[in-house]
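Visitor: What follows is a predicted protein model with its sequence.
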Number of protein chains: 2
Amino acid sequence: MKISIVGGNGPMGALFKGFFEKEGHTVQPLGRKDEDFYKERLCDSDVVIVSVPISVTNEVIRKIGPFIDPDSLLMDMTSIKVSPVGEMLKAFPGEVVGTHPLFGPSIDGLSGQIVVITPARGEKGLLWLTDTYKRNNVKVTLATPEEHDRFMALTQCVRTLNTMVLSKLIMDNHLDPKTVLEYSTPIFKAEMWWVGRLFSQDPELYAGIQMNNNMIGSIFNDYLAAGKELVDIITRKNKRKFSEFFKESADYYKEILDEAQIRSNEMINEITRE
Amino acid sequence: MKISIVGGNGPMGALFKGFFEKEGHTVQPLGRKDEDFYKERLCDSDVVIVSVPISVTNEVIRKIGPFIDPDSLLMDMTSIKVSPVGEMLKAFPGEVVGTHPLFGPSIDGLSGQIVVITPARGEKGLLWLTDTYKRNNVKVTLATPEEHDRFMALTQCVRTLNTMVLSKLIMDNHLDPKTVLEYSTPIFKAEMWWVGRLFSQDPELYAGIQMNNNMIGSIFNDYLAAGKELVDIITRKNKRKFSEFFKESADYYKEILDEAQIRSNEMINEITRE
């Protein structure tokens, strides 16, 4: 098959170019310099993948929609799903699938990674995509765009916020990062590596993820309220409530406690390794 | 040498019993059932280590202080340092060292791990201890008890609070932990393993760590303020301030960015491994 990746010259596009080429497909990466030729380059593609920054995704979808063969599959790889999926359905009459690979381009390979897929229109392209991923040990989570954005508000937006809060705390208290590492448990060392990783990346990407997810308002409110409530329990030295919260949590997470114990030990060994 | 570990039958005591025995010492673990014999068991020890729960540490120090040979070394392993070090200095006239191993008993070995040591009185025991640790590739961070508690307010208290906040968010939003994992990036999977690890443990231990550190009041206030400020920037979609914060952070952490990139990639590979 012929697959075109709009934005295919970026690191994420290159990762998927390699992946689909290994599958035996012909992959055509398209960049900004190809804009004038979108029409002729896209008209005979079997699959068109949009892999551009979140801030221009909808604009690119609107631009290319009319040029794509209606018998093709159109898919995106944006970190939010409600808005780009809606835009793809409007701009293009054929099969549409929203996807969100839950990883960045620096990984060794796609095996073991998760891609969330939000089916939108048609079945042929959807089946081809999920089959391709599963055959390569990529884990597929099927969801509606709304479900996706709701979970991402937690697993991506709150997580990023948390890392930013930690960074701000360290800066506001003028603590030297190298000295902090000398006082770090393995788990806190991991936090410091996530801090470093986050701020090595493009602020635009994260601003896009945080500011285009319609679900964050409510979950960020819950986040602030939970912080206040737990700080209160601790600073008032309310041991009873503290223990109750621990027991309630142990019960809530009981199905993952054993795996958490094994996997966290593995991580600690990895973090401690020289 | 003869080393006595008060509380030496617990998992942490057992870890250090093995460690010091490998060094050629005779190690005598003492538990609650030995309480009536503390005087005779402790009078001829060269080193006495206190390894009991944080809630009873000071009480145990006051009890055993008078029984220890003044030519011995007295040391503790509590997660806070200001209060137990002060208590050891009061209860015992000989050499005193405060220590805090920054790890739990489930690790494979002490190599690569960090122990914070707060010198208190005397040099002989301090040198013996730091030499022993360094020879075994245990990293030693020297600090005053106040410095220690200040850093721990961040690396231990804020970290634990963060994990509790995440847990509360998931519970309050009735999100199934196994489903959350299906929407998790590798970094968020790690968060879920830390959540599971925390709540598999004793609430008393963590209540003790959080409620006996005098520095948490100010850092928890900073934590709540940082959260509010960053949530504000995001929900008001203030891209300029968001980018400024990213750039300021990238600059602040510049010395650890390269290591963070390498180590976080290693962790992601470990987390993704089946």
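Guide: Sure thing, it's come through. Numbers count the residues shown, from 1 in each chain, chains lettered A, B, ... in the order given.
Visitor: any chance you could map the strands in the stretch 101-250 of chain A?
Guide: Along the stretch 101-250 of chain A, counting by DSSP state E, counting those that start in this stretch, strands occupy A:114-121, A:139-142.
Visitor: Quickly compare those strands and say which is most buried.
Guide: Of all the strands of the stretch 101-250 of chain A, strand A:114-121 has the most neighbours on average by mean count of other CB atoms under 10 Å in any protein chain shown, namely a mean of 21. All C-beta spots, glycine's among them, are computed from the backbone N, C-alpha and C.
Visitor: okay, and for the stretch 51-200 of chain A, where does confidence drop off?
Guide: For the stretch 51-200 of chain A, no stretch has pLDDT under 70.
Visitor: Identify the residues contacting the closest residue to chain B within it.
Guide: Taking CB to the nearest CB, chain B has its nearest neighbour within the stretch 51-200 of chain A at residue A:196, 2.3 Å off. Shown in contact with residue A:196 (CB atoms under 8 Å, 6 or more residues apart in numbering or on different chains): B:253, B:256, B:257, B:259, B:260, B:261, B:264.
Visitor: Let's see the PyMOL selection covering just the buried ones among these.
Guide: Of the contacts of residue A:196, the buried ones go into a single PyMOL selection, burial set by 16 or more other CB atoms under 10 Å in any protein chain shown:
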select buried, chain B and resi 253+256+257+260+261+264
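Visitor: Please go through the contacts of residue A:196 and note which also touch chain A.
Guide: Restricting those to those near chain A by CB under 8 Å from any CB of the partner chain leaves B:253, B:256, B:257, B:259, B:260, B:261, B:264.
Visitor: on that earlier part again, for the residue of the stretch 51-200 of chain A closest to chain B, which non-adjacent residue is closest in space?
Guide: Nearest non-adjacent residue to residue A:196, counting by CB to CB, 6 or more residues apart in numbering or on different chains: residue B:260, 2.3 Å away.
Visitor: And the one you found, its phi and psi?
Guide: Dihedral pair for residue B:260: phi -60, psi -40, per degrees, to the nearest 10.
Visitor: surely it meets residue B:253?
Guide: Yes: using CB atoms under 8 Å, residue B:260 is in contact with residue B:253, at 7.3 Å.
Visitor: now the strands of the stretch 101-250 of chain A in JSON lines, with distance to residue A:157?
Guide: Below are the strands of the stretch 101-250 of chain A laid out as JSON lines (distance: least, CB to CB, whole Å):
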{"stretch": "strand A:114-121", "distance to residue A:157": "15"}
{"stretch": "strand A:139-142", "distance to residue A:157": "17"}
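Visitor: Rebuild these as CSV, extending it with distance to chain B.
Guide: What follows is those, written out as CSV (distance: least, CB to the nearest CB, whole Å):
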stretch, distance to chain B
strand A:114-121, 6
strand A:139-142, 4
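Visitor: mind checking which of those is nearest residue A:42?
Guide: Comparing the strands of the stretch 101-250 of chain A against residue A:42 with CB to CB, the closest turns out to be strand A:114-121 (18.0 Å).
Visitor: neighbouring strands for the closest one, and are they parallel or not?
Guide: strand A:95-101 (antiparallel), strand A:139-142 (parallel) (DSSP bridges).
Visitor: Switch these over to TSV; also include distance to residue A:214.
Guide: Shown next, in TSV, are these (distance: least, CB to CB, whole Å):
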stretch	distance to residue A:214
strand A:95-101	15
strand A:139-142	20
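Visitor: In the stretch 151-274 of chain A, what residue spans correspond to helices?
Guide: In the stretch 151-274 of chain A, the segments counted as helices under DSSP state H, counting those that start in this stretch are A:159-172, A:177-182, A:186-199, A:203-211, A:216-235, A:239-252, A:257-272.
Visitor: Mean neighbour count, those helices: which tops it?
Guide: Highest mean neighbour count among the helices of the stretch 151-274 of chain A (mean count of other CB under 10 Å): helix A:186-199, a mean of 23.
Visitor: quick one: it to chain centroid distance?
Guide: 18 Å (CA atoms, centre = their mean, to the nearest Å).
Visitor: Check stretch A:92-108 too.
Guide: 10 Å.
Visitor: Please spell out which residues along that stretch are buried.
Guide: Buried residues in stretch A:92-108 (16+ other CB under 10 Å): A:92, A:94-104, A:107.
Visitor: which two from those end up farthest apart in space?
Guide: Taking CB to CB, no two of the buried residues of stretch A:92-108 sit farther apart than A:94 and A:107, at 30.6 Å.
Visitor: Now do the same contact list for the residue nearest to residue A:196.
Guide: By CB under 8 Å, 6+ apart, the residues touching residue B:260 are A:192, A:193, A:194, A:195, A:196, A:197, A:200, B:253.
Visitor: tally of neighbours for the closest residue to residue A:77 other than its chain neighbours?
Guide: Using CB to CB, 6+ apart and skipping residues adjacent in sequence, the residue nearest residue A:77 is residue A:51, 4.9 Å away. Residue A:51 has 27 neighbours, counted by other CB atoms under 10 Å in any protein chain shown.
Visitor: hang on, residue A:51 packs against residue A:9?
Guide: No: using CB under 8 Å, residue A:51 makes no contact with residue A:9, being 9.5 Å away.
Visitor: ok, back up a step: widest-spaced pair of the contacts of residue B:260?
Guide: Maximum distance among the contacts of residue B:260 (CB to CB): 12.7 Å, for A:192 and A:200.
Visitor: show me the contacts for residue A:74.
Guide: Counting by CB under 8 Å, 6+ apart, residue A:74 makes contact with A:48, A:50, A:61, A:65, A:68, A:88, A:92, A:94, A:95, A:96, A:97.
Visitor: still on that earlier bit, from residue A:31, how far out is the residue nearest to residue A:77?
Guide: Taking CB to CB, to the nearest Å as the measure, residue A:51 falls 11 Å from residue A:31.
Visitor: Equivalent analysis for residue A:95, please.
Guide: Per CB to CB, residue A:95 is found 25 Å from residue A:31.
Visitor: near chain B, which residues of the stretch 1-150 of chain A show up?
Guide: A:102-103, A:106-108, A:111-114, A:116, A:139, A:141, A:143, A:148.
Visitor: Now do the buried residues in stretch A:8-26.
Guide: Buried residues in stretch A:8-26, counted by 16+ other CB under 10 Å: A:8, A:9, A:12, A:13, A:14, A:15, A:16, A:17, A:19, A:20, A:25.
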